[in-house]
Each structure stands twice: as C-alpha cells, then as structure tokens.
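**Q** can't give you the sequence, but here's the structure:
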C-alpha cells in the first residue's frame with residue numbers, strides 16, 4: 001500500500017485528519033534537509049528548496065493508505081486544481097529506504113512566511 005508523508009492539516013488531531021481515518025499511522029518522520037515550509041494561513045506549503053540554497057528537515061507523519069484513500073487525499077489537497085501535486089519525498093531513517101509521497105505546493109511562494117521545520121495551527 002502507498003506510504004504518504006503529511007506535515008500540516010492532515011496530521012493527527014488537525015482539521016483534515018479525518019481524511020486519513022481509514023489509513024494506518026506508521027510513525028513520526030522527518031524529511032531529508034532538502035525542503036522548505038511556508039505559511040499559507042490556514043494550511044502550510046511544502047516546496048523543494050531552491051537550487052543552491054539549503055533546505056531544512058520537515059517534521060511530519062507517515063501513513064499507509066489504500067489507493068482509495070490516496071484518491072480522496074488528492075481531492076482534499078486540490079491536485080486537480082493544481083494547488084498541490086503528489087510526488088516522492090526523501091525521508092530520514094527509518095523511512096529512508098521506503099518509497100513515500102507527499103503533497104507539494106504548486107503556487108508561487110513569494111510573500112509567504114517561512115516556517116522552519118514544522119507547521120502548527122495558530123489559535
């Protein structure tokens with residue numbers, strides 16, 4: 001079954017976590033330090049670090065999801081609207097040898113605040 005890395009509103013206890021109700025939580029995870037995370041207000045934006053610039057290791061969770069669950073997540077994340085795209089992501093051990101996908105932000109990040117290693121919903 002596909003493995004999905006989530007880092008924002010899909011994490012346990014957050015507003016869209018119910019989209020993963022049928023998925024199996026595998027564990028907490030961190031990406032390789034190749035990415036950047038930005039604040040879109042109600043949700044975060046994960047992007048590849050620009051070439052020549054350093055990235056950071058993003059905190060998140062890995063789930064084992066059915067193909068039906070992944071299709072639902074694609075809808076929730078706006079893949080058809082090109083808000084996000086699902087693509088492979090590099091994780092640190094113990095997931096470094098696994099094929100894992102995540103949702104990457106497709107819109108411009110100019111003007112968005114960088115978050116560092118994790119996103120937390122503001123009260």
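**A** Yep, it's here. Keep in mind that this is a model prediction, so the values were computed, not measured. Numbering: from 1, shown residues only.
**Q** Okay, and the residue of the chain most remote from its centre sits in which element?
**A** Farthest-out residue of the chain from its mean C-alpha position, per Cα atoms, centre = their mean: residue 52, at 22.3 Å. Under DSSP states H and E, no helix or strand contains residue 52.
**Q** Pull up the per-residue confidence for residue 123.
**A** Note on residue 123: pLDDT of 54.
**Q** Residue 53 too?
**A** Reading off the model, residue 53 has pLDDT 87.
**Q** Now do the contacts for it.
**A** Going by Cβ atoms under 8 Å, 6 or more residues apart in numbering, residue 53 touches no other residue. Every C-beta, even on glycine, is put in place using the N, C-alpha and C of the backbone.
**Q** measure it to residue 106 for me?
**A** Computed as Cβ to Cβ, to the nearest Å, the residue 53 to residue 106 distance reads 19 Å.
**Q** Strands of the chain, start to end?
**A** Taking DSSP state E to define them, one finds strands in the chain at 3-6, 24-30, 35-39, 44-48, 59-64, 84-88, 100-105, 113-114.
**Q** what's near enough to touch the nearest residue to residue 98 once chain neighbours are set aside?
**A** In space, and not counting its chain neighbours, residue 98 is closest to residue 3: 5.7 Å by Cβ to Cβ, 6 or more residues apart in numbering. Residues in contact with residue 3 (Cβ under 8 Å, 6+ apart) are 26, 62-65, 95, 98-101.
**Q** Brilliant, that's me finished.
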